[in-house]
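[1] here's my sequence, what's the structure:
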Amino acid sequence: KAIMTAMGNDDYCRLLEWCGMCKHLRFDLKGAIQCYERCSELEPENTEILVKRAGVKMDGANYSEADVLFKEALALNPTASDALLHRAN
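    All right, here's what the predicted structure looks like:
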């Protein structure tokens with residue numbers, strides 16, 4: 001909490017996002033999803049984070065959970081290109 005308070009929500013979310021990406025690239029899916037989920041709690045309408053969460057679910061073979069996240073992202077922004085592109089995979 002002290003880090004979040006010192007950084008502010010936006011910067012803290014970007015830090016979580018970067019940590020999530022690093023963990024995802026190392027195939028630490030559990031760690032990546034924890035970072036992305038925390039970021040989603042702080043920014044529930046951030047479609048990019050929803051798509052990143054869906055990507056982790058896809059890599060973990062949780063396709064139905066990924067589909068729910070893609071649909072959630074597209075409900076928020078029907079033209080979210082990342083959601084459209086990655087959902088097609």
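
[2] show me where pLDDT drops low in this protein?
    For the chain, residues meeting the criterion pLDDT under 70 lie at 1-9.

[3] specify the helix with the largest residue count in it.
    Taking DSSP state H as the criterion, the chain has its longest helix at helix 9-25.

[4] what's the closest non-adjacent residue to Asp59?
    With sequence-adjacent residues excluded and distances taken as C-beta to C-beta, 6 or more residues apart in numbering, Asp59 is closest to Leu29, at 6.1 Å. All C-beta atoms are positioned from the backbone trio N, CA, C, and that covers glycine.

[5] do the same with Leu74
    In this structure, Leu74 finds its nearest non-sequential neighbour in Ala83, 5.1 Å apart by C-beta to C-beta, 6+ apart.

[6] what about Leu69, helix or strand, and which?
    Here Leu69, judged by DSSP states H and E, is contained in helix 63-76.

[7] buried residues in that helix, which are they?
    Neighbour-count burial for helix 63-76, counted by 16 or more other C-beta atoms under 10 Å, picks out Glu65, Ala66, Leu69, Phe70, Glu72, Ala73, Leu74.

[8] try stretch 30-50
    Quick answer for stretch 30-50 (16+ other C-beta under 10 Å): 31-36, 38-40, 43, 46-50.

[9] now that stretch: how far from the chain's centre is it?
    What separates the centre of stretch 30-50 from the centre of its chain is 4 Å, taken as C-alpha atoms, centre = their mean, to the nearest Å.

[10] what sits up against it?
    9, 12-13, 16-17, 19-21, 23-24, 52-53, 56-57, 69-70, 72-73, 76-77, 80, 82-83 (C-beta atoms under 8 Å, 6 or more residues apart in numbering).

[11] residues of stretch 74-89 that come out buried?
    Here stretch 74-89 shows Leu74, Asn77, Ala80, Asp82, Ala83, His86, Arg87 as buried, counting by 16+ other C-beta under 10 Å.

[12] give me the distance between the last one and Thr79.
    I take that to be Arg87. Separation of Arg87 from Thr79 (C-beta to C-beta, to the nearest Å) stands at 13 Å.

[13] distance of the spatially closest residue to Leu50 that is not a sequence neighbour from Lys30?
    Distances taken as C-beta to C-beta, 6+ apart place Ala73 nearest to Leu50, at 4.0 Å, with adjacent residues excluded. In this view, Ala73 and Lys30 are 21 Å apart by C-beta to C-beta.
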